[in-house]
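Asker: A structural model of the following input is requested.
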Amino acid sequence: MGQPGMEPLEGKESNGAVPDCNGGAPAPPAKQQQQLEGADALRYANILRSRNKFADALQLYSTVLEKDGTNVDALIGKGICLQAQSLLKQALECFTEAVKVDPSNACALTHCGMIYKDEGHLVEAAEAYQKARTADPSYKAAAEFLAIVLTDLGTSLKLAGNTEDGIQKYCEALEVDSHYAPAYYNLGVVYSEMMQFDVALTCYEKAALERPLYAEAYCNMGVIYKNRGELDAAIACYDRCLTISPNFEIAKNNMAIALTDMGTKMSLTIKPNFSQSLNNLGVVYTVQGKMDAAASMIEKAILANPTYAEAYNNLGVLYRDAGSITLSVQAYERCLQIDPDSRNAGQADAKTLRFKDKVLKKGGLWRDIYGIDEKKVASLIREDKVDILVELTGHTATNKLGTMACRPAPIQVTWIGYPNTTGLPAIDYRITDSLADTPNTNQKHVEELARLPESFLCYTPSSEAGPVCPTPAISNGFVTFGSFNNLAKITPKVLQVWARILCAVPNSRLVVKCKPFCCDSIRQKFLTTLEELGLEPLRVDLLPLIHLNHDHMQAYSLMDISLDTFPYAGTTTTCESLYMGVPCVTMAGSVHAHNVGVSLLTKVGLGRLVAKTEDEYVSLALDLASDVYALQDLRMSVRELMIKSPVCDGESFTRGLESAYRTMWRRYCDGDSPALKRLELLADQPGSTKEDLDKTAVKLADPRVQRANAIAEEDNQAPIKVNATPEEGGQPQIIMANGVSSPADSQALIATAQLDQPQIMVNGVSSPHSTSGRCEMNGHSSR
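Answerer: Model (predicted):
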């Protein structure tokens, strides 16, 4: 015989209400409700609750409890109604009171657990579910909910770095409910990260067996098969995944890589010297981080077709990532010799599409200009009567500097995507701040510098970052220095200074993470260089690219002190380091790229970590390493410092940027145009005729003339030819001959303002869309 209040809970995580498929029962008139007493009132309240008539049911339960405050059925029924209305505190009071009256009531205990879980109290929830199971081992709902919360606990422990404890919780969940697929799936994720791929594959297979529509499990099985070279099995898994979830973007990317790899290898079997296949296979190896194999394939493609411009571009990207800047530049130059108009291919990534959706929902106008001739883009801008044209790429991949050279807008601005001048006289302003570009800077720039009141950038922390972990030196017994910057920024001079620091701190270690460290030859070259500088290779940890953002951010828990690069400082990596609590030592310099760390650290309130010389840089690092407990206190305070700083104050940053745009517009309306002034200065230059300058000046000064003559002038305005220079804000693209390319960086939007506001068009840079073959995500685990 069942216990009081032991009606079944329909489905996991339900509120206890049973949906009515045949229409709701009408509530009795108020007079009739007053006449219902005892068992009749309770039965009718249960009927109302089952029909989702929670307010009416609540009134009847309260009537019963006024006469009998210990009625367990009424207490549970009232609690369920309150829970359904999200009144969790009052609901918990009802369930708790029911447990006091009947300590072995599994239904009341289970509902207590549900509320604890909803409020994020997983340990308390697990205890409540366990008590419910003890009270009634046959109560299935308690077991199902306990498996869920144990899995969530396992995920929380894993994300906090307690992997073994996380595994234990997943196993406990399966002991409670051996059919709970997410527990198997999360075990697969953990074992994949531990590189125990056979065990991981078994776990994913069990997850798919228990839940045949588990798309994430099939995707991760495909990853393992792909990495083993079993392409047929990998493609079968990805196909199954996409059949279940056609819009699963990661699976689409993984499938594309596997199909490209398979198709390329088939092509090479048929025609070993087919240059396109060799190039494409090189691209696949590049994505996988197999730099030696990639270089071999691309070089073979060039041997097969010496005029293959895209292959030279890809070789340049490869050398750039490996830190061989001279070879990279040579490859890019050869690419441009063959095809002076060579530009990297692109496509809209998921972030771009989300941004587009936001613009359209706000009533803005979006124009996709990818693949359109630059002069035609200029004509579109004139037709749309854009007043302020902003480009965010500079001399990086898929830029539209040729459009800017056509001067389609009365005010033209460059910002954030490139740490130097564009060299285009047609651009009026470059946005920066007074620390990245000091008032007495010696850096050459044709644009007028527009300094924002605080920082030239704003950082939005990742929601997947996870908590700040204690400084590892306390538990390790030694200090770990680190850097996650691009290998191209880690110059021989940087390594010399880092080696001085490590050699001066006994037993200290260095951790460096970047994509090329997948390649043995690059790892060995890096370690050999440090060994020649006196640092033993055994004290250096080299990590490859980490694909999942949460795992990447948590990797900062491996280091105590972050070492910035110079003369090209980090930007995103510095922001990430600070947000994860890791103090960063940087060095000031004479140019913008050198001073980004100066700007960030000063605005966060850590200006004391800015060095002026190499000796001071070493000294600051040694001072931090000398007191690990002070380092721990600093680590626990840095995130809060950053969040409260101008670097993370999006609202104030936007006001400052808007104010800068307004100032530019007012100056233009007053006849003050930096580009026009520049042309006047150029009038004295040899080779310039007054007639040419006068014509250009008129076009610059009067946008109405520009727009009226747009079609007539178009053929006379040639876009510039530029070399795509790699840098942190916009990575070079890898072009594949069959049209498959590495991720796009550039799209354009027009943000239309009210009639009394200047119209601003931004040529933006979206973050690269990962073509990684891994999809080991915990985000799908908690159901």
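Asker: residue ranges with poor pLDDT in the stretch 451-600 of the chain?
Answerer: Counting by pLDDT under 70, the stretch 451-600 of the chain contains low-confidence ranges at 547-548.
Asker: can you give me the strands in it?
Answerer: 480-483, 509-513, 540-543, 561-563, 584-587 (DSSP state E, counting those that start in this stretch).
Asker: Can you lay out those strands as a markdown table showing distance to residue 142 and mean neighbour count?
Answerer: The C-beta positions use only the backbone N, C-alpha and C, and glycine is treated the same way. Below are the strands of the stretch 451-600 of the chain laid out as a markdown table (distance: least, CB to CB, whole Å; neighbours: other CB atoms under 10 Å):
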| stretch | distance to residue 142 | mean neighbour count |
| --- | --- | --- |
| strand 480-483 | 45 | 23 |
| strand 509-513 | 44 | 21 |
| strand 540-543 | 43 | 17 |
| strand 561-563 | 47 | 27 |
| strand 584-587 | 49 | 26 |
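Asker: To residue 218, which of these lies closest?
Answerer: In terms of CB to CB, the element of the strands of the stretch 451-600 of the chain nearest to residue 218 is strand 540-543, at 28.0 Å.
Asker: before we move on, back to that, mind putting the strands of the stretch 451-600 of the chain in CSV, distance to residue 107 included?
Answerer: Formatted as CSV, these follow (distance: least, CB to CB, whole Å):
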stretch, distance to residue 107
strand 480-483, 52
strand 509-513, 51
strand 540-543, 50
strand 561-563, 53
strand 584-587, 54
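Asker: For residue 401, find the nearest of the ones you listed.
Answerer: For the strands of the stretch 451-600 of the chain, the distance to residue 401 is smallest for strand 584-587, at 29.6 Å, taking CB to CB.
Asker: pretty sure residue 145 contacts residue 116?
Answerer: No: counting by CB atoms under 8 Å, residue 145 does not reach residue 116; the two are 10.4 Å apart.
Asker: shared neighbours of the two, anything?
Answerer: Residues touching both residue 145 and residue 116 (CB atoms under 8 Å, 6 or more residues apart in numbering): residue 125.
Asker: need the helices for the stretch 401-550 of the chain, in chain order.
Answerer: Counting by DSSP state H, counting those that start in this stretch, one finds helices in the stretch 401-550 of the chain at the ranges 401-405, 473-476, 492-504, 520-532, 549-554.
Asker: send the alpha carbons of the first one over as CSV?
Answerer: The C-alpha coordinates for helix 401-405 follow below in CSV (Å, rounded to 0.1, in the frame of the first residue of the first chain):
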residue,chain,number,x,y,z
LEU,A,401,41.1,48.8,-47.5
GLY,A,402,40.5,49.2,-51.3
THR,A,403,37.0,50.4,-50.5
MET,A,404,38.4,52.9,-48.0
ALA,A,405,40.8,54.2,-50.6
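Asker: who touches the nearest residue to residue 619 once chain neighbours are set aside in this structure?
Answerer: Excluding the flanking residues, the one nearest residue 619 by CB to CB, 6 or more residues apart in numbering is residue 611, at 7.6 Å. Neighbour list for residue 611: 585-588, 617, 619-620 [criterion: CB under 8 Å, 6+ apart].
Asker: Comparing residue 145 and residue 116, which residue is more hemmed in?
Answerer: Set residue 145 next to residue 116 and count neighbours by other CB atoms under 10 Å: residue 145 wins out with 26 against 21.
Asker: What residues of the helix or strand containing the more buried one count as buried?
Answerer: Under the criterion of DSSP states H and E, residue 145 resides in helix 140-159. The neighbour-count check on helix 140-159 (16 or more other CB atoms under 10 Å) flags 141-159 as buried.
Asker: Dead centre of the chain: give me the residue that sits there.
Answerer: Geometric centre of the chain, nearest residue: residue 549, 5.8 Å, by CA atoms, centre = their mean.
Asker: Nearest residue to that residue in space, please, no chain neighbours.
Answerer: Distances taken as CB to CB, 6+ apart place residue 464 nearest to residue 549, at 4.8 Å, with adjacent residues excluded.
Asker: Tally up the residues packed near that neighbour, please.
Answerer: 16.
Asker: Could you do residue 650 as well?
Answerer: Using other CB under 10 Å, residue 650 has 12 neighbouring residues.
Asker: Distance check, it against residue 49.
Answerer: As for residue 650, its distance to residue 49 is 45 Å (criterion: CB to CB, to the nearest Å).
Asker: Run a quick check on residue 421 versus residue 447, I expect a contact.
Answerer: Yes: at 6.1 Å, residue 421 counts as touching residue 447 under the criterion of CB under 8 Å.
Asker: which of these two has more neighbours?
Answerer: Neighbours were counted for residue 421 and for residue 447 using other CB under 10 Å; residue 447 has more, 23 against 18.
Asker: nearest spatial neighbour of the more buried one, skipping sequence neighbours?
Answerer: residue 430 (4.0 Å).
Asker: OK, contacts around that neighbour?
Answerer: 413-415, 421-422, 445, 447-450.
Asker: residues in contact with residue 626?
Answerer: Residue 626 sits next to no residue when contact means CB under 8 Å, 6+ apart.
Asker: And it, what's its pLDDT?
Answerer: pLDDT, residue 626: 94.
Asker: How about the one 10 residues further on?
Answerer: pLDDT, residue 636: 95.
Asker: Check the one 4 residues further on too.
Answerer: Among the per-residue scores, residue 640 holds a pLDDT of 95.
Asker: And the one 4 residues further on, by the same measure?
Answerer: For residue 644, the pLDDT comes out at 95.
Asker: any idea how far it is from residue 638?
Answerer: Residue 644 sits 11 Å away from residue 638, going by CB to CB.
Asker: who has more neighbours, those two?
Answerer: residue 638 (21 against 12).
Asker: what's the distance between residue 634 and residue 602?
Answerer: From residue 634 across to residue 602, the span is 16 Å (CB to CB).
Asker: got it, and residue 540?
Answerer: Computed as CB to CB, the residue 540 to residue 602 distance reads 31 Å.
Asker: Got the confidence number for residue 13?
Answerer: Per-residue confidence at residue 13 stands at 34 (pLDDT).
Asker: One more: the one 3 residues further on?
Answerer: On pLDDT, residue 16 comes in at 37.
Asker: let's number from 32 now, not from 1
Answerer: Renumbered: residue one is now 32, and that last one reads residue 47.
Asker: Show me the shaky parts of the stretch 182-331 of the chain.
Answerer: By pLDDT under 70, the weakly predicted segments of the stretch 182-331 of the chain are 278, 284, 287, 290-305, 308, 315, 318-320.
Asker: hey, where'd the helices end up in it?
Answerer: 194-207, 212-224, 228-241, 246-258, 262-275, 280-301, 306-319, 322-335.
Asker: ok, residue 586 - contacts?
Answerer: Residue 586 neighbours (CB under 8 Å, 6+ apart): 515, 544, 574, 577.
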